[in-house]
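A.B. asks: Below: sequence and its predicted model.
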Amino acid sequence: MQSITGQRAVDLSEFLQEDVLGWDYETLFDETVIGLPEGGELLVDIFVAPKENTSRMNARAVYSSSDKRVLQGQEYVVLTWTKETLTQVVGFREVIPGKHFEQVDEMLRHLLALGLQMKRVQADGAYFKSGFCRYLNTLALELISKPRRDSWWWHGNQRIQLKKWASSLPVESFHYYPKQRVYARSFVMSRHDCKPCRIVVIRPKRSCEAQRMLFYLSTDPHLTTQEIIAGYRRRWRIETVFRDCNQNLGLKAHQGFSQTSVRHVAMVFLTYNLLAQFKAQMGKTIGRLVKMFQQGLNPIQTMLSG
């Protein structure tokens, strides 16, 4: 299997046992990282695993963006690498409150030390912070993210609040991008706590309410409007990883204790990485590949016979 997909298939079931200690799952993720080609993009996001019997688990009150509510659960920061049709989970950690960005820092440096080549980092607006941007700059990495709608910027010599200023822009000045199916304009703006960024103002339709306008940004002001829109939209791939793992691989179903929870999450992501290799080569969905295994079909034989 390794010669065909670049992945090793291993029996991980024994590692769910309570008396098994010291399982170094990060070594298995490192093997995935070493085999990845150059030029991908790194996606960063938080996954929340809800827990029911919270009195016996390491759970706390956390906000789940997918559930749109606060629940008792465990947070994991997840790093995913993507290029063309292939997406792979390259690392994750259970979030330590107050140490989130330090954990991302540690994982990023580890990936770079392994030789992972990436064009940029993509993350939602929670990561657009001056300290994180400066940190990425020391690693020669740029960020595609979202600014706050009510944030203040300098556009030339004019200090503006983003949402008010954008709503005053003439509708006819927006250019239609057929591939992205939106109307957009971009501007280079600066702020006291970060270097100049290119901000894209997006109208889903030419005539739309101000609150429906979107804002994307890149800390690389040389990127084009289309590149920024396409780049931020690729961030959605990490959400599809969570969806596939939840619906097909039991990511949210596990109600084990803290120690076994991390092992369970690791096994789910490692299984996803293996299936994602088949998905990239066969063009099938993760759900379809899972059904093939359940039906006793072998994707490797299917690839070879095809």
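C.D. replies: Arrived safely, thanks for sending. Residues are numbered from 1 along each chain as shown.
A.B. asks: Only C-alpha atoms from now on, for both contacts and neighbour counts.
C.D. replies: OK.
A.B. asks: all helices of the stretch 1-150 of the chain, in order?
C.D. replies: Secondary structure of the stretch 1-150 of the chain, counting by DSSP state H, counting those that start in this stretch: helices at 2-5, 25-34, 100-113, 130-138.
A.B. asks: Of all the residues in stretch 239-250, which ones are buried?
C.D. replies: For stretch 239-250, the neighbour count (16 or more other CA atoms under 10 Å) marks 239, 241-242, 244-245, 248-249 as buried.
A.B. asks: Equivalent analysis for stretch 280-287, please.
C.D. replies: residue 286.
A.B. asks: returning to what we had before: turn the buried residues of stretch 239-250 into JSON lines, columns for pLDDT.
C.D. replies: Listed next are the buried residues of stretch 239-250 as JSON lines, based on pLDDT from 0 to 100:
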{"residue": "239", "pLDDT": "93"}
{"residue": "241", "pLDDT": "95"}
{"residue": "242", "pLDDT": "94"}
{"residue": "244", "pLDDT": "93"}
{"residue": "245", "pLDDT": "93"}
{"residue": "248", "pLDDT": "90"}
{"residue": "249", "pLDDT": "90"}
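A.B. asks: Would you mind putting these into TSV with secondary structure alongside?
C.D. replies: Below are these laid out as TSV (DSSP: H, G, I helix; E, B strand; the rest coil):
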residue	secondary structure
239	helix
241	helix
242	helix
244	helix
245	helix
248	helix
249	helix
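A.B. asks: And these, which is closest to residue 114?
C.D. replies: Taking CA to CA as the measure, residue 114 lies nearest residue 241 of those, at 22.9 Å.
A.B. asks: Tell me which residues touch the closest one, please.
C.D. replies: residue 272 (CA atoms under 8 Å, 6 or more residues apart in numbering).
A.B. asks: repeat that for 6 Å
C.D. replies: If you count contacts by CA atoms under 6 Å, 6 or more residues apart in numbering, residue 241 has none.
A.B. asks: and the gap between it and residue 288?
C.D. replies: According to CA to CA, to the nearest Å, residue 241 and residue 288 sit 15 Å apart.
A.B. asks: Report how many residues lie close to residue 107.
C.D. replies: By other CA atoms under 10 Å, 19 other residues sit near residue 107.
A.B. asks: so how far is residue 93 from it?
C.D. replies: Counting by CA to CA, the gap from residue 107 to residue 93 is 9 Å.
A.B. asks: so what's the closest residue to residue 186 other than its chain neighbours bridging to?
C.D. replies: Computed as CA to CA, 6 or more residues apart in numbering, the closest residue to residue 186 that is not its neighbour in sequence is residue 200, at 4.2 Å. For residue 200, the beta-bridge partners are residue 186, residue 216 (DSSP bridges).
A.B. asks: pretty sure residue 200 contacts residue 218?
C.D. replies: No. Contact between residue 200 and residue 218 fails when scored by CA atoms under 6 Å: they sit 8.6 Å apart.
A.B. asks: Between those two, which is the more surrounded one?
C.D. replies: Between residue 200 and residue 218, counted using other CA under 10 Å, the more crowded position is residue 218 (30 against 23).
A.B. asks: Per-residue pLDDT of the more buried one, please?
C.D. replies: Reported pLDDT at residue 218 in the predicted model: 97.
A.B. asks: Which positions within stretch 150-162 qualify as buried?
C.D. replies: Judged by neighbour count (16+ other CA under 10 Å), stretch 150-162 contains these buried residues: 152-155, 160-162.
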